[in-house]
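> Mind folding the following:
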Amino acid sequence: MYRFLLLPILLLAGCATAPVAVHRQAQADAPFTFNGRVAVKQGEQRDSAGMRWVHRSDEDEILLLAPLGQTVARIHRGAGEATLDASGKHHAAQDVEGLMQQVLGWQLPLSDLRYWVTAVPAPDGEFDIERDANGQVKVLRQQGWEISYSRYAAMAADALPLRLKLQRDGVQVLLLIDEWEAQ
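Sure thing, here's the model as predicted:
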C-alpha cells in the first residue's frame, strides 16, 4: 500500500527543477538575472514577494511579484534616476533606496545588494569577510549590514549563492534565489 503512495511523490519530485549551478564572472559588477523570493521584516511590518532581478552595469530592473506571478511593483534604476511603478502610479526619484522606502516601506540597500547577491563586497567602503572550508563567503559585513550566506548553487568557491540573509538596525531581509540565468 505504501509503495502506491510513494510513486506519485517520486514522480512529482522528478518534475521539480533544480537551480542551475552558475558560477560568477570574474568582474565585480557583472550582469546577472535571477528569479527568487524576498521577505522583509522591519519591526512589526512583514512583507514578502516573488522577485525577478535583471542587472546590467548601467541599469537594474526589479519586478516584485504576487504569489500567482502578477507584477506588484516594477523598480528601474538607470542613469541618475530611479522609477517605481506600483498600484497604477508612477514614482520617480534620484535614489532607488529612498524611493523604495517611501513607496513600499522597504529598506533595501539595492546599490550594494547588486554586489552582495553574488557574494562580492561593494567597491565603496571597507568590508569584512568570513569564508567556509570551501572558500565560499559565509558572512560579509559592509555598510553596517551583515550578510549571511547559507546555501550556494554548487560546492565550488566561485558558485553563486542561493540563500542570503541581510541584517541591520532591526531590519531583516531574506533572499532566496530559485534560478540564476546565464548572461
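> Next, report how far stretch 94-103 is displaced from the centre of its chain.
With Cα atoms, centre = their mean, to the nearest Å as the basis, stretch 94-103 stands 17 Å off its chain's centre.
> CA atoms only for that stretch, dumped as CSV, please.
Extracted in CSV, the C-alpha atoms of stretch 94-103 (Å, rounded to 0.1, in the frame of the first residue of the first chain):
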residue,chain,number,x,y,z
GLN,A,94,17.3,60.1,-8.0
ASP,A,95,17.8,57.5,-5.2
VAL,A,96,16.3,54.0,-5.6
GLU,A,97,16.7,53.1,-1.9
GLY,A,98,14.8,56.2,-0.7
LEU,A,99,12.1,55.6,-3.4
MET,A,100,11.5,52.1,-2.2
GLN,A,101,11.3,53.2,1.4
GLN,A,102,8.9,56.0,0.5
VAL,A,103,6.5,53.9,-1.7
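> Report the buried residues of that stretch.
Buried residues in stretch 94-103, counted by 16 or more other Cβ atoms under 10 Å: 96, 97, 99, 100, 103. For glycine as for every other residue, the C-beta is placed from the backbone atoms N, C-alpha and C.
> Could you do stretch 164-178 as well?
So, applying 16+ other Cβ under 10 Å, buried residues of stretch 164-178: 164, 165, 166, 171, 173, 174, 175, 176, 177.
> In its sheet, which strands sit next to the helix or strand hosting residue 167, and in what direction?
Element membership for residue 167 (DSSP states H and E) is strand 161-168. Here strand 161-168 is paired, per DSSP bridges, with strand 145-152 (antiparallel), strand 171-181 (antiparallel).
> sorry, back to before: may I see the buried residues of stretch 94-103 arranged in a markdown table, with secondary structure and pLDDT as well?
Formatted as a markdown table, the buried residues of stretch 94-103 follow (DSSP: H, G, I helix; E, B strand; the rest coil; pLDDT from 0 to 100):
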| residue | secondary structure | pLDDT |
| --- | --- | --- |
| 96 | helix | 89 |
| 97 | helix | 90 |
| 99 | helix | 91 |
| 100 | helix | 90 |
| 103 | helix | 91 |
